[in-house]
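K.L.:
next come a sequence and a model predicted from it.
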Amino acid sequence: MRPSSCQSAPGRARGLGGALALGLLLATSARAITIVVPDDAATIQEAVDLAEPGDLVRVSAGSYVEQVSVMAKTDLRIEGAGAGLSVIEAAGHGGAFTIGGCTQVDVSGFTLGSELIAGGSPSVGAVVVVDSQEITVHHLEVTSQSGNGILVLGSEAEIYDNVIHRVGDDAISLYPQSIAPSVVVIHHNTIVDNQAGSAVGVWAQAELEQVVVFNNIFLGNDFGLATTAPEFWDHDHNLISESTREDYNGGLVRQANEIDCDPGFADRVGADYHVMTGSCVQDAGIDVFMGYPAASVDFEWGPRPTGLGHEMGADELGCAAFTAVPTDLASCTGEEVALDATALALIGCDGSVSIEWLDDPGAPAIRMVSPVVDTAWEVMLTCDADPSCSAVEGFTVSVESAPTEAVAMVVDEMPCAEGLLVSWTAADFADPDDAVYNVYRSELDCADALTQPPVLVGSTELSWLDTTTVGGRTYHYVVEAEDGEGGGPCLPRGVDHDGAATRSCFGPITDQVTAPPPEGVFTVLFARNEGEEITLDWSGVRALEPGESFYLLKAVAQPTALFLHVNGDGSVATSYTETDTSSPRQFFDLRVENLCGEISEDEYPPGP
């Protein structure tokens, strides 16, 4: 097969040379029309059925639940709005596209899969080509597909600039179907992480006329390349790496320019297969292989090649913005932030680069901004040597607000035991679930407290009893309200999440573990007998201070005997009735006790 005579999407033409190609164009140009889905036809299938030679079926962005059958068509283009925009969800058996008995059919610009709908049955391929000639399949993303990605049966096809990832069978599978020529040219595809135990990047069964494979990336598949007839293959200038079973199978071996390395995708887990500057696939491709030219555009229709040569895979680094500084920035509300566009560059530009801010063309390349909400700025980079080489790079500033102050208060709630109660008001957080509080302590001042390790971290409560104090010492406390956003710019920084924080200070406060004995009392106890009981009364004694209680002692037999407490703990009554009169001689002593258990030092008996 020679390169296809079908014209592809705008900006790219590949065709047979000479009078044959001219004759085809002249024959079809008089009638050729564009059928837009869903404006001119409700479904892709309806548009295909209406199409005649030379027509273009243009599919608008949207999701389409179809299995499109393209049968016995000639010189037809079916063009989606682009991968990720025009999506065909093909449930059940059969592919998104089945092309049978066709000549010069071109399919591009879709995301395809057979299991994007829950419960979809496995299909034999997202694109199936049967007994057809000069078929081009390009600029497709194929994923969520339990069958093959692209299945070619007894056909001539060119397959390029596709991204095929995470399908459940071979990414590209080739079989002879009839005596018709079976020549398949496969180049500039990115084929990644297709694993089902035996999924192959490219599989060719038996004796095809020719299989040409170059400038592709095969990464993380079960097999890279596999066949039963290696003598019909021409392959080189591919990356084949990280196969779960074998990079090569069936007699195929690594060629001189096939590499085994990590291409360094922007985000392989997130299915962003753009390659980065310095990748091992950069400039590692070839312009022409076995007489077949490489693609003139990449997966996003950017020009190829840029730099010294073609990149392997669907992505060409090309004319793109590059920055060595972060473009996702953060600030506190209203703080100034520098946006430095001088750190931006254009990959693929051999001349100088001009810089222009889209929101303010007259702004300097380094500009200061003070956002109060999350804001984005864009700058246009243009290559002076090649005006068609331009790119837009964006700066974003995420604005962070510190929580409101949590006002602290500290009390000696247990003045006769070690411990101070620290409490604070609730702070106002942008996200209440992020609310945490930290506490710092010092015996010097609040500034010193912040140089010490916190005594409490990550609390979600509004109070805390500090039981590690030492009686008689004086303390200063800092209560810190901290948000849960790590890595933000607001100061001060919190200790727990390293998020924005506000702080309040309280102190000094002394932990009163001991107290001086209370002032003594002296009174005459008035006693009266009431049968077997004796009632003592001291109503004329001094008033008690807060936290004090009367403490009545009793001894029997003699005034030098052991005195014991008899009127209960915390008594504030000014009388007491003794029911135990078994001893004919009883002696009483009245004192005062405070909360710390200190008892007044009355002498007994009073006086000399």
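P.N.:
Done, it's in. Numbering: from 1, shown residues only.

K.L.:
the helix or strand harbouring Met380 pairs with which strands?
P.N.:
Assessed by DSSP states H and E, Met380 sits inside strand 375-383. Applying DSSP bridges to the sheet, strand 375-383 is found paired with strand 353-357 (antiparallel), strand 386-400 (antiparallel).

K.L.:
report the distance from it to the chain centre.
P.N.:
Averaged C-alpha coordinates place strand 375-383 at 25 Å from its chain's average position (CA atoms, centre = their mean, to the nearest Å).

K.L.:
report the secondary structure state of the residue nearest to His310 when sequence neighbours are not counted.
P.N.:
Leaving out its chain neighbours, the residue that sits closest to His310 by CB to CB, 6 or more residues apart in numbering is Gly285, at 3.1 Å. For the C-beta atoms, the positions are set from N, CA and C on the backbone; glycine is no exception. Under DSSP: H, G, I helix; E, B strand; the rest coil, Gly285 falls in the coil class.

K.L.:
in contact with Gly285, which residues?
P.N.:
His188, Phe214, Asn215, His237, Ala294, Pro305, Gly309, His310, Glu311, Met312 (CB atoms under 8 Å, 6 or more residues apart in numbering).

K.L.:
check Leu421 too.
P.N.:
When contacts are counted by CB under 8 Å, 6+ apart, Leu421 is found next to Val410, Val411, Asp412, Glu413, Met414, Ser463, Trp464, Leu465, Asp466.

K.L.:
go again using 10 Å as the cut-off
P.N.:
By CB atoms under 10 Å, 6 or more residues apart in numbering, the contact list for Leu421 reads Met409, Val410, Val411, Asp412, Glu413, Met414, Ser463, Trp464, Leu465, Asp466, Thr467.

K.L.:
what do you get for Gln512?
P.N.:
Asp412, Met414, Pro415, Cys416, Ala417, Leu420, Gly471, Gly472, Leu595, Cys596.

K.L.:
quick one: which of the residues you listed is the most crowded by neighbours?
P.N.:
Ranked by the number of neighbours (other CB atoms under 10 Å), the contacts of Gln512 place Leu420 first, at 23 neighbours.

K.L.:
and the nearest residue to it once chain neighbours are set aside, how many residues sit next to it?
P.N.:
Among residues not flanking Leu420 along the chain, Asp466 sits closest, at 4.9 Å (CB to CB, 6+ apart). Residues near Asp466, counting by other CB under 10 Å, number 18.

K.L.:
how much space between Asp466 and Asp260?
P.N.:
61 Å (CB to CB, to the nearest Å).

K.L.:
next structured bit after the helix-or-strand element of the chain with minimal mean pLDDT?
P.N.:
Between all helices and strands in the chain, the lowest mean by mean pLDDT, DSSP states H and E belongs to helix 18-29, at a mean of 33. The first helix or strand that comes after helix 18-29 along the chain, using DSSP H and E, is strand 34-37.

K.L.:
pull out the buried residues from that following strand.
P.N.:
Buried positions in strand 34-37, judged by neighbour count with 16 or more other CB atoms under 10 Å: Ile35, Val37.

K.L.:
what does stretch 285-302 give?
P.N.:
For stretch 285-302, by 16+ other CB under 10 Å, it's Gly285, Ile286, Phe289, Tyr292, Ala294, Ala295, Ser296, Val297, Asp298, Phe299, Trp301, Gly302.

K.L.:
do me a favour and get the end-to-end distance for that stretch?
P.N.:
Using CA to CA, to the nearest Å, the end-to-end distance of stretch 285-302 comes to 16 Å.

K.L.:
for it, what is the average pLDDT?
P.N.:
Taken as a whole, stretch 285-302 has an average pLDDT of 94.

K.L.:
also stretch 532-552?
P.N.:
Mean pLDDT, stretch 532-552: 89.

K.L.:
how long is it from one end to the other?
P.N.:
20 Å.

K.L.:
check the offset of it from the chain's centre.
P.N.:
For stretch 532-552, the distance to the chain centre is 72 Å (CA atoms, centre = their mean).

K.L.:
in it, which residues are buried?
P.N.:
Within stretch 532-552, the residues that count as buried by 16+ other CB under 10 Å are Ile534, Leu536, Asp537, Trp538, Val541, Leu544, Glu548, Ser549, Phe550, Tyr551, Leu552.

K.L.:
stretch 373-382 too?
P.N.:
Buried residues in stretch 373-382, counted by 16+ other CB under 10 Å: Thr375, Trp377, Val379, Met380, Leu381, Thr382.

K.L.:
nearest to Met276 among these?
P.N.:
For the buried residues of stretch 373-382, the minimum distance to Met276 (CB to CB) is 17.6 Å, reached by Leu381.

K.L.:
pLDDT score assigned to the closest one?
P.N.:
Leu381 is given a pLDDT of 90.

K.L.:
how close does it get to Thr375?
P.N.:
Where Thr375 is concerned, Leu381 sits at a distance of 20 Å (CB to CB).

K.L.:
do the same with Thr333
P.N.:
When distance is defined by CB to CB, Thr333 is 12 Å away from Thr375.

K.L.:
name the residues contacting each of those two.
P.N.:
By CB under 10 Å, 6+ apart, Thr333 and Thr375 have these common neighbours: Val399.

K.L.:
could you find the closest non-adjacent residue to Glu480?
P.N.:
Asn438 (4.3 Å).

K.L.:
partners of the strand or helix carrying the one you found, with directions?
P.N.:
Assigned by DSSP H and E, Asn438 belongs to strand 436-442. Take DSSP bridges as the rule and strand 436-442 pairs in its sheet with strand 456-459 (antiparallel), strand 474-482 (antiparallel).

K.L.:
out of those strands, which is the most enclosed?
P.N.:
strand 474-482 (a mean of 24; mean count of other CB atoms under 10 Å).
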